[in-house]
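Peer 1: Show me the folded form of this:
(chains A and B)
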Amino acid sequence: DAKTTQPTSMDCAEGRAANLPCNHSTISGNEYVYWYRQIHSQGPQYIIHGLKNNETNEMASLIITEDRKSSTLILPHATLRDTAVYYCIVRTTDSWGKLQFGAGTQVVVTP
Amino acid sequence: DAGVTQSPTHLIKTRGQQVTLRCSPKSGHDTVSWYQQALGQGPQFIFQYYEEEERQRGNFPDRFSGHQFPNYSSELNVNALLLGDSALYLCASSPGPEYEQYFGPGTRLTVT
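Peer 2: Now for the predicted structure:
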C-alpha cells in the first residue's frame, strides 16, 4: 500500500485558511486520497476524497497535484472547532475495506 | 437520521476474560468495519463485514472475531484479553465496501 507523509503539527489562526499538505509519492493509478479528522476522544470524521480532480464539499477542498504525488486539504475559514488530528490516507481499490491511518497532523486553531 | 452507534461506551475487564462490543450502522449502510486505536496512535484496521461475511482482515490474532447480523449490525468479540488490548474500539459503516466509512464514537476498553 502507498504510504503518506504529513507534518506532525500545524498552527492556524481562526478565520484564516488552513492548508494541510500530504505527500504520497508512491501512489498508484487506482488509489484514492482520503482525508479524515479526529477530534480528541471522538471517532474519526470523514472529510473528503478524490482520485485525480480537485474536489470541494461543504467542509473542505482537496487539491491533488497533476502527478498525484501530493495533495493539500484546505479548510477555507478555520474555526476553533477545527482543532483536531487530520489524517491523509491512500486507499486502494484492491483493498476497499482497509483504511490505513498514519500519525496524522495535529492542527491547532488559535483565536 | 442516527449515525453509527456503539455500545457500551466504556468497559473494564480483567485479563483473560472475554468481551463483546456492539455496533449499529448508519441507516442505509450494509458494511461494517472495526478498528482498534491505542492511546496516541492512529486507528488500526481489524476486519470488515459485508453480507454477513468477513471480507477483509488486518493483522490481528484469531482472538479477535466478529459477526454481522441480517440487519447489518455487528459484534466484535475478543477472547483471552491481554493488557495490550486496552484501547478505543471504533466501528465504521458504509453503504458498500467501496464507499467512504463513517465512524461511531467508539468503545473504550480497559483491561486490568
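
Peer 1: By average pLDDT, which secondary structure element in chain B comes out worst?
Peer 2: Lowest on mean pLDDT, DSSP states H and E among the helices and strands of chain B sits strand B:53-57, with a mean of 93.

Peer 1: Which residues does that one contact?
Peer 2: Surrounding strand B:53-57, the residues in contact under the criterion C-beta atoms under 8 Å, 6 or more residues apart in numbering or on different chains are A:95-98, B:45-49, B:66, B:68, B:97. Glycine gets a C-beta too; all of them are placed from N, C-alpha and C.

Peer 1: Just the buried ones out of these, please.
Peer 2: A:96-98, B:45-49, B:66, B:68, B:97 (16 or more other C-beta atoms under 10 Å in any protein chain shown).

Peer 1: any idea which of those residues is closest to A:Val108?
Peer 2: Using C-beta to C-beta, the shortest approach to A:Val108 within the buried ones among the contacts of strand B:53-57 belongs to B:Phe45, at 27.5 Å.

Peer 1: Among the buried ones among the contacts of strand B:53-57, name the ones in strands.
Peer 2: Cross-referencing these with the strands (criterion: DSSP state E) gives B:45-49, B:66, B:68 as the overlap.

Peer 1: Is any residue of stretch A:75-89 near chain B?
Peer 2: Yes: judged by C-beta under 8 Å from any C-beta of the partner chain, stretch A:75-89 comes into contact with chain B through A:Tyr87.

Peer 1: how far does that stretch sit from the chain's center?
Peer 2: If you compare the mean C-alpha spot of stretch A:75-89 with that of the full chain, they lie 9 Å apart, counting by C-alpha atoms, centre = their mean, to the nearest Å.

Peer 1: End to end on that stretch, go ahead and measure it.
Peer 2: Taking C-alpha to C-alpha, to the nearest Å, the first and last residues of stretch A:75-89 lie 17 Å apart.

Peer 1: same deal with stretch B:81-93?
Peer 2: End-to-end distance of stretch B:81-93 (C-alpha to C-alpha): 25 Å.
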